[in-house]
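K.L.:
Predicted model and sequence follow; I will ask about them next.
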Amino acid sequence: MLNFSFLSTHSVRKCLLALLLVSALPAVSRAADAPKKELSDKVSEELGKLKPLMDDKTKADEALAKVNALLAGAEPNSFDIAYLSQLKAQIYFGKEEYTNAIPRTRGRA
């Protein structure tokens, strides 16, 4: 039979704490690598210029052109893409072009 009497409660707690900390490291690393949920400086700056166009329904096409230009220059899989795509859909809804508001996926008509 094994004798573990040399392990005090204090040393067991230390070991458990060390295991807990080591197991948490990958989660901290993944969180640091996750994309930021904030707009880039460029998009933030351009949104100020875009607001008047969004408010004026007669300038929806101009607003759409600006959003498309920003989308073209945005980093792939960024928060900019998500936000600008939502904004683009909002413009199409305002124009009552509902089919354009929903992006088509490959392989679907």
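P.N.:
Yes, it's here. The structure displayed is predicted, hence computed values, not measured ones. Numbers count the residues shown, from 1 in each chain.
K.L.:
how about residue 103, what does it touch?
P.N.:
Neighbouring residues of residue 103 by CB atoms under 8 Å, 6 or more residues apart in numbering: residue 85. Every residue, glycine included, has its C-beta placed from N, CA and C.
K.L.:
So it: helix, strand or coil?
P.N.:
Classification of residue 103 by DSSP: H, G, I helix; E, B strand; the rest coil places it in coil.
K.L.:
got any ranges where this protein has weak pLDDT?
P.N.:
Confidence mapping of the chain against pLDDT under 70 gives the ranges 1-35, 104-109.
K.L.:
Buried residues, stretch 50-58. List them.
P.N.:
By 16 or more other CB atoms under 10 Å, the buried positions in stretch 50-58 come out as 50, 53-54.
K.L.:
how about CSV for the residues you listed, with distance to residue 95 and secondary structure added?
P.N.:
Shown next, in CSV, are the buried residues of stretch 50-58 (distance: CB to CB, whole Å; DSSP: H, G, I helix; E, B strand; the rest coil):
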residue, distance to residue 95, secondary structure
50, 15, helix
53, 13, helix
54, 12, helix
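K.L.:
Redo these as JSON lines? Include distance to residue 39.
P.N.:
As requested, those are exported to JSON lines (distance: CB to CB, whole Å):
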{"residue": "50", "distance to residue 39": "12"}
{"residue": "53", "distance to residue 39": "17"}
{"residue": "54", "distance to residue 39": "15"}
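K.L.:
What is the nearest of the residues you listed to residue 77?
P.N.:
When the buried residues of stretch 50-58 are ranked by distance to residue 77 (CB to CB), residue 50 comes first, at 22.1 Å.
K.L.:
Enumerate every residue touching the closest one.
P.N.:
63, 66-67, 87.
K.L.:
Among those residues, which are located in helices?
P.N.:
When DSSP state H is applied, these are split such that 63, 66-67, 87 fall in helices.
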